[in-house]
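J.: what follows is a predicted structure for the sequence shown.
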Amino acid sequence: MRGKCNWWWEGMVLSLSVFLWACGGWSPPSRGGDEIDLVVRELVGPLGEQVGEEQVSWLGFRESDGKSSPTTELLDEQLISALLRTGVRLATPDRSQLKWEGEELVPPRLWQEAETERVLAGRVEVADGWAYLRLFLIDAEEGLLLGTVRRRLEESQLRELAARKTGSEEGGEEEAELAVDLHLLVLRDEAGMMHPVAVEEGVMLESGDRLQVRFKVATDCQVYAFLYSSKGERRDLFGSQLVYSGRWQYGPGRDGWVTLGEVDQVHTLYFLAGRRLSDEREELWERMGELIEEGRVDRFSGVELLDGALVEFLQRRAEENVQIAASRGSEGVVDGEVEEFILEDGTALKSRAEILSGSPLLIRAVSFGVQ
């Protein structure tokens, strides 16, 4: 057993939590299920910086009655992922053995028995249609509250996502195909006026053109999009993250665009959607770089080898024994509806969606040159 038996712990935590709650520091309410990911990262940020390189035990989220639920399990997965991305050295005890009776914020014996000097624990409390998430960082030796962060989410959407995830694990939604409405937008400045330019396989764009991807998924999934140049340079358009169905997403941001610069270059835009996408891609970048260095990929020549490297990489990591393929040109693409987007400067831009579908992974590849 670690630390002191501080019987005043529960009262101290409650008092400090109420004090900090009253003194502000509360983030603006998050609207929409697609904000869960962001809110969890916001929870992790300040405490992740405080932990630094020191190992910390994660005790998990609990409801206000001290019990776990599909909601807390969903938040646990999201929080662990966010912690690992910040570089925190995480210890994850078997939470099924961490009995959490009653309404104690963090039962003393849990942090007293921790194998690390610091522990993290979370709490979900519901009021007026909101789910309030609280994260505590505790010194396990002294029984001191080192920090607390709070955010809130709409309760109904959080519960709905948790129920949907539970249904998927039981086989209810797992069989559903992925479907994406994808728009590849390019704007060109002509005499001070911005005009849309069609993007298709092999098109030549101009230096100074601006590019953006907009998309909407029909099934909750992870999405990653990036540009890869014929010089072996990569630029992420949409960082690998979980997105939720029915909401428009933008890369690199709603008001963000990638300006195409260096001429005589060919860029391949890769768009990936899957139920799970690994963040560990160093092996892929090394293989794609080798193809460039060996001269096997030169401008448009050999871009299919880049596709092959990506497919092979993903195939080895697929949890299911299925064939994965990259879609180029019109292959695997259906024309969708024309959407009108209003840009930040008020410009109305019309674009016809590419409809992609399949399971368990979608890959769209489009190569274009810059002159």
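T.: Here it is on my side, so go on. Numbers count the residues shown, from 1 in each chain.
J.: ok, now which ones touch the residue nearest to the spatial centre of the chain?
T.: Geometric centre of the chain, nearest residue: residue 241, 1.8 Å, by Cα atoms, centre = their mean. Contacts for residue 241 (Cβ atoms under 8 Å, 6 or more residues apart in numbering) come out as 37, 222, 223, 224. All C-beta atoms are positioned from the backbone trio N, CA, C, and that covers glycine.
J.: farthest pair within these?
T.: Largest separation among those by Cβ to Cβ: 37 and 224, giving 13.5 Å.
J.: which one's more surrounded, the two?
T.: Higher neighbour count among residue 37 and residue 224: residue 224, with 20 against 17, using other Cβ atoms under 10 Å.
J.: identify the bridge partners of the more buried one.
T.: On the basis of DSSP bridges, residue 224 is bridged to residue 272.
J.: pLDDT on stretch 229-239, on average?
T.: For stretch 229-239, the mean pLDDT works out to 93.
J.: A helix includes residue 145, no?
T.: No. Under the criterion used here (DSSP: H, G, I helix; E, B strand; the rest coil), residue 145 is strand, not part of a helix.
J.: wait, it sits on residue 137?
T.: Yes. Between residue 145 and residue 137 there is a contact at 7.5 Å, judged by Cβ atoms under 8 Å.
J.: check for me that residue 156 belongs to a helix.
T.: Yes. Assigned with three-state DSSP, residue 156 falls within a helix.
J.: just give me the neighbour total for it.
T.: Residue 156 is flanked by 12 other residues according to other Cβ under 10 Å.
J.: cool, the one 3 residues further on as well?
T.: By the other Cβ under 10 Å criterion, the neighbourhood of residue 159 contains 16 residues.
J.: contacting residues for the nearest residue in space to it that is not next to it in sequence?
T.: Distance criterion Cβ to Cβ, 6 or more residues apart in numbering; nearest residue to residue 159, sequence neighbours excluded, is residue 71 at 6.0 Å. By Cβ under 8 Å, 6+ apart, the contact list for residue 71 reads 61, 63, 124, 131, 158, 159, 162.
J.: ok, 10 Å please
T.: The contact partners of residue 71, by Cβ atoms under 10 Å, 6 or more residues apart in numbering, come to 61, 63, 124, 126, 131, 155, 158-163, 165-166.
J.: could those residues go into JSON lines alongside distance to residue 282?
T.: Converted to JSON lines, the contacts of residue 71 look like this (distance: Cβ to Cβ, whole Å):
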{"residue": "61", "distance to residue 282": "31"}
{"residue": "63", "distance to residue 282": "39"}
{"residue": "124", "distance to residue 282": "36"}
{"residue": "126", "distance to residue 282": "42"}
{"residue": "131", "distance to residue 282": "37"}
{"residue": "155", "distance to residue 282": "39"}
{"residue": "158", "distance to residue 282": "34"}
{"residue": "159", "distance to residue 282": "38"}
{"residue": "160", "distance to residue 282": "36"}
{"residue": "161", "distance to residue 282": "31"}
{"residue": "162", "distance to residue 282": "33"}
{"residue": "163", "distance to residue 282": "36"}
{"residue": "165", "distance to residue 282": "29"}
{"residue": "166", "distance to residue 282": "34"}
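J.: the residues you listed in strands, which ones?
T.: Secondary structure from DSSP state E places 61, 63, 124, 126, 131 of those in strands.
J.: max pairwise distance over the residues you listed: which two?
T.: Longest span within these, Cβ to Cβ: 61 and 126, 12.8 Å.
J.: more neighbours: those two, which one.
T.: Neighbours per residue (other Cβ under 10 Å) separate residue 61 from residue 126, with residue 61 holding more: 23 against 15.
J.: ok, the more buried one - contacts?
T.: Going by Cβ under 10 Å, 6+ apart, residue 61 touches 68-69, 71-76, 78-79, 95, 121-124, 133-135.
J.: do that again at 7 Å, thanks
T.: Residue 61 makes contact with 72, 75, 76, 122, 123, 124, according to Cβ atoms under 7 Å, 6 or more residues apart in numbering.
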